[in-house]
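> quick one, what's the 3D model for this:
(one chain, ligands or ions: 1)
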Amino acid sequence: MSFFKKTEPLLITCPFDIDQRISEKAKRLALRVNYTSGRIELVIPRRMPTKLVERFLYQNQDWIEDKQKTIPTTIPFSCGTTIPLFGVDTLITSNVDASLKRTKVSLCDDVLLIRTYLDDPSQRIQRFLKKEALNKFEELAHQKAELIDKSVQSVSIRDTKSRWGSCSHDGRLSLSWRLIFAPVSAMDYVIAHEVSHLKHMDHSPSFWKTCEALSLDYAKGKPWMKEHGYTLMRYGR
Ligand SMILES: [Zn+2]
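As a prediction, the model looks like this:
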């Protein structure tokens, strides 16, 4: 049985190494970078004639080739890899021992040491990093909230692609654990941003004033997230 219904266009034979997706909602053809998969995606509206799709691709050949050169490559959690953790380039080293019963991960200065019986401990590494991230985010969030006489109800971590953090009306903060890979000024800025929402539930000038005051280095952190935030998605995939 075919996956696509007959009324839908067939995916075209593409001369480029990109992904294709047929969309019910899209009105026009679009090319975009999927920073999670690290690949370019062509969005094809339903019933779009193949000829138009092909022409569109050739018209955008330069864009595709330029983008493919700049998409960050995936950085896996494997032995010998260096990943930035809280602004410190940290080397992952592992000690594989089949007789071990469980995996132990420890962070010591600029070394992430894994003692394991697993061939691929990357899931354990991710779990460890999420915990480290949560501890740090909680500490910073409570510190910052205190400065503006507010209190944080809870901090949780997420792996959302669309936003780095959020703050609910009742003081629950949610942050992407991937901020652990960002420079400290950038990670700190996102936390300051969400904590500032405890006081201002908008993006008014007063909000930004609070956000700046709560940030370690607002002038560095904010633009970093805007320009390089997407690169945080490449770790551990
Ligand atoms: Zn906001």
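
> the longest strand belonging to the chain - what's its average pLDDT?
Taking DSSP state E as the criterion, the chain has its longest strand at strand 88-96. For strand 88-96, mean pLDDT rounds to 94.

> buried residues in the helix or strand following that strand?
Using DSSP states H and E, the helix or strand that follows strand 88-96 in sequence is strand 104-108. Counting neighbours by 16 or more other C-beta atoms under 10 Å, one finds that the buried residues in strand 104-108 are residue 105. Every C-beta, even on glycine, is put in place using the N, C-alpha and C of the backbone.

> just stretch 160-168 next, same as before
In stretch 160-168, counting by 16+ other C-beta under 10 Å, buried: 164-167.

> quick one: strands adjacent to the longest strand of the chain?
According to DSSP bridges, strand 88-96 forms sheet pairs with strand 82-85 (antiparallel), strand 111-116 (parallel).

> and residue 56, what element?
helix 50-59.

> I'd like to know which elements that helix is packed against.
Here helix 50-59 is seen to pack against strand 39-45 when contacts are counted using 3 or more C-beta pairs under 8 Å, 6 or more residues apart in numbering; DSSP states H and E.

> how far is the strand it packs on from where the chain is centred?
20 Å (C-alpha atoms, centre = their mean, to the nearest Å).

> equivalent analysis for stretch 87-99, please.
22 Å.

> what ranges do the strands span in this protein?
19-23, 30-34, 39-45, 82-85, 88-96, 104-108, 111-116, 154-158, 165-167, 172-176.

> how is this structure carved up into domains?
Residue ranges for the domains of the chain, per automatic domain parsing: 19-70, 122-234.

> now distance to residue 115 and mean pLDDT too, for the ones you listed, in CSV please.
Shown next, in CSV, are the domains of the chain (distance: least, C-beta to C-beta, whole Å; pLDDT from 0 to 100):
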stretch, distance to residue 115, mean pLDDT
domain 19-70, 30, 89
domain 122-234, 10, 95
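
> so which of those domains gets nearest residue 99?
When those are compared by C-beta to C-beta, domain 122-234 sits nearest residue 99, at 17.2 Å.

> how far out from the middle of the chain is that closest one?
13 Å.

> go on, stretch 88-107?
That offset, for stretch 88-107, works out to 24 Å (C-alpha atoms, centre = their mean).

> with just CA atoms, put that stretch into PDB.
Extracted C-alpha coordinates of stretch 88-107, given in PDB (Å, rounded to 0.1, in the frame of the first residue of the first chain):
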ATOM      1  CA  VAL A  88      34.200  25.000  29.300                       C
ATOM      2  CA  ASP A  89      35.500  22.800  26.500                       C
ATOM      3  CA  THR A  90      35.100  19.300  28.100                       C
ATOM      4  CA  LEU A  91      36.600  16.100  26.800                       C
ATOM      5  CA  ILE A  92      34.500  12.900  27.000                       C
ATOM      6  CA  THR A  93      36.600  10.000  28.100                       C
ATOM      7  CA  SER A  94      35.300   6.500  28.700                       C
ATOM      8  CA  ASN A  95      36.400   3.500  30.500                       C
ATOM      9  CA  VAL A  96      34.600   0.400  29.200                       C
ATOM     10  CA  ASP A  97      34.600  -2.500  31.500                       C
ATOM     11  CA  ALA A  98      32.200  -5.500  30.800                       C
ATOM     12  CA  SER A  99      32.300  -6.500  34.500                       C
ATOM     13  CA  LEU A 100      30.700  -3.200  35.600                       C
ATOM     14  CA  LYS A 101      27.000  -3.400  36.700                       C
ATOM     15  CA  ARG A 102      26.100   0.200  36.000                       C
ATOM     16  CA  THR A 103      27.300   3.200  34.200                       C
ATOM     17  CA  LYS A 104      28.800   6.100  36.200                       C
ATOM     18  CA  VAL A 105      29.300   9.500  34.700                       C
ATOM     19  CA  SER A 106      31.300  12.200  36.500                       C
ATOM     20  CA  LEU A 107      32.300  15.700  35.600                       C
END
